[in-house]
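Novice: when you get a sec, could you give me coordinates for this:
(chains A and B)
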2 protein chains.
Amino acid sequence: MRITALAGGVGGARFLRGLRTHLDRSPGLADTELTIIGNTGDDISLFGLRVCPDLDTLLYTLGGGIHEGQGWGRADESHRLLGELAAYGAVPQWFTLGDLDFGTHVVRSQWLGQGLSLSEVTTRLARRWGLPDQRITLLPMSDSPVETHVVVEDEDGQRAIHFQEWWVRYQASIPAQRFQAVGMDRATAAPGVLDAIRGADVVLLPPSNPVVSIGIILGVPGVRDALRGTTAPVVGVSPLIGGMPVRGHADACLAAIGVESTAAAVAGLYEDFLDGWLVAPEDEASVRLPRATVRSRPLLMTDTDAAADIAGAALDLARELAA
Amino acid sequence: MRITALAGGVGGARFLRGLRTHLDRSPGLADTELTIIGNTGDDISLFGLRVCPDLDTLLYTLGGGIHEGQGWGRADESHRLLGELAAYGAVPQWFTLGDLDFGTHVVRSQWLGQGLSLSEVTTRLARRWGLPDQRITLLPMSDSPVETHVVVEDEDGQRAIHFQEWWVRYQASIPAQRFQAVGMDRATAAPGVLDAIRGADVVLLPPSNPVVSIGIILGVPGVRDALRGTTAPVVGVSPLIGGMPVRGHADACLAAIGVESTAAAVAGLYEDFLDGWLVAPEDEASVRLPRATVRSRPLLMTDTDAAADIAGAALDLARELAA
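Specialist: Model (predicted):
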């Protein structure tokens, strides 16, 4: 079986680690090939280095190097290099980069500087984290740099800031007017992305942010058409439980694009291609979709076992739809 | 008073820290402005970052951050980032870069990438290390990239390798055929370098490597002419004691250019501009120079006090020559 998933950072990574666990535990599913299309709209150049937060969170989570408590960054991390940059007066200091994490950014930047594409670089990084051995292929959504900027307005007037500044520095506390995917007009899907959607047996949307993660990937030319055209069932997992994001600021992102913070409204963003929608029990009553089949179950990914069970339920729904 | 010094790494840095100590202790000399022209021929790009080993050793030594035991790199250093690069298969691993040290290379590379010259970057780095407060100006010999390569011959045949590979990886154990200062034909002296020599009251040559440190600086267009033309006395301190380098591989470097490993032969490399030559007592009898005044005293820089005394003696000789 071939499963293709679109994913942002923490939520997507935890879901997909659960999915891999579920596949490995299920008779006849261990051979399943999993292709992950990662959001690169969060990418940012810091201190001259290229940082890809969502790809890194996917690599570290799937590769066993993640800081479990915070959900991003490396376990057993230290921050000596960043302290040096501060001593030199280098900014920004609001984006926490650890010494181990810097290793990824340094080597990625070196390889990009040598002319490798982000796809090629990601393949190399994934090898170190053992993804091929787990039958996981991680693809960036695009090899072209795309950066999500946020138009905000406060006492300093209206301005566009990098998504990471809004998300990390301001914790999404400044109301967003809108999002701009800078560079998307020149972007193309990375090699393998469209084929992975078209050729999949199942397409999954993990509970990633529907606006700044999944939404950005959907903006890559050809991706939405591929989702509409694929013969595979497309099943999504709601990122909202009782109308609230489990973590992150999906509600603030939805508000910025004028969409209600409900499991039903999020499904509406995917309505042209979504076949199945897994929601939390508390949301089931309020979700009526004209085209997609809705199922409910607890969606809190408290640990890998819980994530595996949720992923298994999404897969069950996909198989039900394909039958 | 204005003192200008040419310098390589460890030996030069220790001598100049001693000089600054001597000046600060001497009545009427605390106001002395010290300009250091640092060798950049050792510079190397590693992992996409620009590393300037001699400038860094000067910064760390004069700024109080040096690892005293090894003479280079940072005190209280860790090597977590380098371990990550190894895990990703990035090479080379023979050049030890610590987490704190990486901070310097990351910020330097960022600033160079923003279009600042190496001089401008070095001025910024020097500020963090408190050099302006010590009346020290650190100039790279050139803003143009110059890299010393070493032509070697072994079972693999003749080839040119970067100086750092020869020095650090092979510990100068492969006989060098010759040195090439790659990029020197397009290099010019950095802003302030020639004026610092011409306008000095005293020019000092610390006990740095006469071939790959001082020798490379002397190859920068205009430097040798400025030394010949300056009205300041030019006083050098022998890097050899009893024909042997105290540390480093000056003897191997001298052999490569067909020069005897003696204090007299090193002085011969400077004979067109050298006015005073400070040697160790055991070398005094064998040094007879047609043009320069020779003095002897113990030259082992066992600690900063010892280095201060040696620097004081070099300064005494310069004042004797100027009188």
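Novice: what are the buried residues along the longest helix seen in chain A?
Specialist: Criterion DSSP state H: the longest helix present in chain A is helix A:304-322. When burial is assessed from 16 or more other C-beta atoms under 10 Å in any protein chain shown, helix A:304-322 yields the following buried residues: A:304, A:307-315, A:317-318, A:321. In this view, the C-beta of every residue, glycine as well, is placed from N, C-alpha and C.
Novice: quick one, helices of chain A?
Specialist: For chain A, the helices defined by DSSP H occupy A:10-25, A:53-63, A:80-87, A:99-113, A:118-128, A:163-164, A:193-198, A:214-218, A:223-229, A:250-256, A:263-269, A:281-284, A:304-322.
Novice: which strands and helices sit next to the second one?
Specialist: Other helices and strands packing on helix A:53-63, by 3 or more C-beta pairs under 8 Å, 6 or more residues apart in numbering or on different chains; DSSP states H and E, are helix A:10-25, strand A:33-38, helix A:99-113, helix A:118-128, strand A:136-140.
Novice: elements contacting the fourth one?
Specialist: With contacts defined as 3+ C-beta pairs under 8 Å, 6+ apart, the secondary structure elements packing on helix A:118-128 are helix A:53-63, helix A:99-113, strand A:136-140.
Novice: how about the third one?
Specialist: Packing partners of helix A:99-113 (3+ C-beta pairs under 8 Å, 6+ apart): strand A:49-51, helix A:53-63, helix A:80-87, helix A:118-128, helix B:80-87, helix B:99-113.
Novice: got TSV for the ones you listed, with mean neighbour count too?
Specialist: Compiled in TSV, these are given as follows (neighbours: other C-beta atoms under 10 Å in any protein chain shown):
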stretch	mean neighbour count
strand A:49-51	21
helix A:53-63	25
helix A:80-87	20
helix A:118-128	19
helix B:80-87	20
helix B:99-113	24
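Novice: okay, these in a markdown table with distance to A:Leu240 next?
Specialist: As requested, those are arranged in a markdown table below (distance: least, C-beta to C-beta, whole Å):
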| stretch | distance to A:Leu240 |
| --- | --- |
| strand A:49-51 | 28 |
| helix A:53-63 | 19 |
| helix A:80-87 | 34 |
| helix A:118-128 | 29 |
| helix B:80-87 | 36 |
| helix B:99-113 | 39 |
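Novice: ok, back up a step: in TSV: the helices and strands packed on helix A:118-128, plus distance to A:Asp185 and mean pLDDT.
Specialist: Shown next, in TSV, are the helices and strands packed on helix A:118-128 (distance: least, C-beta to C-beta, whole Å; pLDDT from 0 to 100):
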stretch	distance to A:Asp185	mean pLDDT
helix A:53-63	21	98
helix A:99-113	21	98
strand A:136-140	18	98
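Novice: interface residues of the stretch 101-250 of chain A facing chain B?
Specialist: Residues of the stretch 101-250 of chain A lying close to chain B by C-beta under 8 Å from any C-beta of the partner chain are A:102-104, A:106-107, A:109-110, A:113-114, A:124-125, A:128.
Novice: now A:Arg25: closest residue in space that isn't a chain neighbour?
Specialist: Nearest residue to A:Arg25, sequence neighbours excluded (C-beta to C-beta, 6 or more residues apart in numbering or on different chains): A:Ala308, at 7.0 Å.
Novice: let me know whether the one you found touches A:Asp24 as I believe.
Specialist: No - between A:Ala308 and A:Asp24 there is no contact under C-beta atoms under 8 Å: 9.0 Å.
Novice: from A:Ile174, how far off is A:Leu194?
Specialist: 36 Å (C-beta to C-beta, to the nearest Å).
Novice: no wait, A:His162
Specialist: When distance is defined by C-beta to C-beta, A:His162 is 13 Å away from A:Ile174.
Novice: out of the two, which sits in the more crowded spot?
Specialist: Per other C-beta atoms under 10 Å in any protein chain shown, whichever of A:His162 and A:Ile174 has more neighbours is A:His162, with 21 against 17.
Novice: pLDDT of stretch A:278-295, averaged?
Specialist: Regarding stretch A:278-295, the rounded mean pLDDT is 96.
Novice: bridged to the residue of the stretch 151-300 of chain A found nearest chain B, which residues?
Specialist: Proximity of the stretch 151-300 of chain A to chain B (C-beta to the nearest C-beta) peaks at A:His162, 16.4 Å away. As for beta bridges, A:His162 partners with A:His149 under DSSP bridges.
Novice: again with A:Ser45
Specialist: Counting by DSSP bridges, A:Ser45 forms beta bridges with A:Arg50.
Novice: report pLDDT for it.
Specialist: Note on A:Ser45: pLDDT of 96.
Novice: so what's the residue count around it?
Specialist: Applying other C-beta under 10 Å, we find 15 other residues in the vicinity of A:Ser45.
Novice: surely it meets A:Val51?
Specialist: Yes - with contact defined as C-beta under 8 Å, A:Ser45 reaches A:Val51; the gap is 7.2 Å.
Novice: all strands of the stretch 151-300 of chain A, in order?
Specialist: For the stretch 151-300 of chain A, applying DSSP state E, counting those that start in this stretch gives strands covering A:157-162, A:176-182, A:202-205, A:234-237, A:240-241, A:244-245, A:276-279, A:293-296.
Novice: now do the buried residues in the first one.
Specialist: Buried residues in strand A:157-162, defined by neighbour count with 16+ other C-beta under 10 Å: A:160-162.
Novice: assess the claim that A:Lys171 and A:Gly248 are in contact.
Specialist: No, residue A:171 isn't Lys; it's Gln. No - between A:Gln171 and A:Gly248 there is no contact under C-beta under 8 Å: 10.1 Å.
Novice: more crowded one of those two?
Specialist: A:Gly248 (21 against 10).
Novice: excluding sequence neighbours, find me the nearest residue to A:Gln164.
Specialist: Leaving aside its chain neighbours, A:Gln164 sits nearest to A:Ile44 (4.9 Å; criterion: C-beta to C-beta, 6+ apart).
Novice: tell me who's in contact with the residue lying closest to A:Gln110 once chain neighbours are set aside.
Specialist: Distances taken as C-beta to C-beta, 6+ apart put B:Gly48 closest to A:Gln110, at 3.5 Å, once the chain neighbours are dropped. By C-beta atoms under 8 Å, 6 or more residues apart in numbering or on different chains, B:Gly48 lies in contact with A:106, A:109-110, A:113-114, B:109.
Novice: and these, which is closest to A:Val203?
Specialist: Comparing those against A:Val203 with C-beta to C-beta places A:Ser109 closest, at 31.9 Å.
Novice: what residues are up against that closest one?
Specialist: Going by C-beta under 8 Å, 6+ apart, A:Ser109 touches A:48-50, B:48.
Novice: quick one, grab the pLDDT at A:Leu254.
Specialist: A:Leu254 carries a pLDDT value of 95.
Novice: now it: how far from A:Ala263?
Specialist: To A:Ala263, A:Leu254 is 11 Å away according to C-beta to C-beta.
Novice: ok, A:Ala292 next?
Specialist: With the distance defined as C-beta to C-beta, A:Ala292 ends up 11 Å from A:Ala263.
Novice: list residues touching both of those two?
Specialist: Each of A:Trp277 lies in contact with both A:Ala292 and A:Ala263 under the rule C-beta under 8 Å, 6+ apart.
Novice: between those two, which is the more surrounded one?
Specialist: Between A:Ala292 and A:Ala263, A:Ala263 has the larger neighbour count (other C-beta under 10 Å), namely 29 against 20.
Novice: test my guess that that one contacts A:Asp283.
Specialist: Yes - if you go by C-beta under 8 Å, A:Ala263 and A:Asp283 touch, sitting 4.0 Å apart.
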